[in-house]
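Fold the following for me, if possible:
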Amino acid sequence: QTTLTNFERRDVVGTPRAFAYEKASFDPARWDALGFGPAAISTFTDPVSRSGVKWINASPSATYVEAVGASGSAVFQEFVYTPTDLRLMHLTRNFAGLGVDCANYRRFFGSDPEEDFRAELRVLREARLVVRDGDRIELTEDGMFFADSVVGTLANHRAATLRANGERSGTRHHMG
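Okay, the predicted model is just below:
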């Protein structure tokens with residue numbers, strides 16, 4: 001093991017011993033995430049069905065151990081991604097890597113982010129938080145400082161829909 005956080009030791013970074021998990025997390029169309037331990041999060045996506053699920057393990061540690069002992073699984077909550085949720089998760093994770101590869105997005109979803117989030121991306125471009133450069137949508141320098149606003153703008157319509165349907169509890173759904 002080289003790290004307990006997202007910061008690797010200097011003697012390991014850039015070597016074959018380095019972790020690839022953070023870079024892989026920016027591309028959920030290609031990589032699933034498997035979390036271990038209390039409160040761990042796992043996400044799985046299927047490019048064939050264009051579906052996905054997020055599991056959240058029980059917490060705290062005592063509850064986690066009890067769940068594993070009783071059933072062999074510590075999954076406490078599950079969030080099944082709708083097609084819109086899955087698109088938002090992909091955009092969110094890609095923006096964590098500073099930009100969206102639109103060709104990868106099209107391969108997975110069969111559509112372009114500009115088609116799926118036309119109004120939101122227009123607002124973000126007008127605010128100079130994102131820019132389209134060829135087949136990439138990138139955060140601008142300001143966008144890097146306001147990435148939470150970028151993602152919030154993209155998810156605004158979906159969040160409003162969940163609230164309107166009485167699905168207000170973030171702890172119940174853990175979208176993203």
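
Which secondary structure state does residue 77 sit in?
strand (DSSP: H, G, I helix; E, B strand; the rest coil).

Oops, could you answer that again for residue 18 instead?
Following three-state DSSP, the label given to residue 18 is coil.

Give me the neighbour count for it.
Counted by other Cβ atoms under 10 Å, the residues lying close to residue 18 total 15. No exception for glycine: its C-beta is placed from N, CA and C like everyone else's.

Spit out the contact partners of the residue nearest to residue 144 when sequence neighbours are not counted.
In this structure, residue 144 finds its nearest non-sequential neighbour in residue 98, 6.9 Å apart by Cβ to Cβ, 6 or more residues apart in numbering. Contact partners of residue 98, counting by Cβ atoms under 8 Å, 6 or more residues apart in numbering, are 138, 139, 144.

Filter the residues you listed down to the buried ones, ChimeraX style.
This is how ChimeraX selects the buried members of the contacts of residue 98, with burial counted by 16 or more other Cβ atoms under 10 Å:
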select :138,139
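
Among the contacts of residue 98, which lie within strands?
In strands, defined here by DSSP state E, the members of those are 138, 139.

Let's have the contacts of residue 98 in JSON lines, adding distance to residue 76.
Converted to JSON lines, these look like this (distance: Cβ to Cβ, whole Å):
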{"residue": "138", "distance to residue 76": "36"}
{"residue": "139", "distance to residue 76": "33"}
{"residue": "144", "distance to residue 76": "34"}
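
ok, now which ones touch residue 60?
Shown in contact with residue 60 (Cβ under 8 Å, 6+ apart): 38, 39.

Distance-wise, check it relative to residue 37.
Distance, residue 60 to residue 37, using Cβ to Cβ, to the nearest Å: 11 Å.

Thanks a lot, see you next time.
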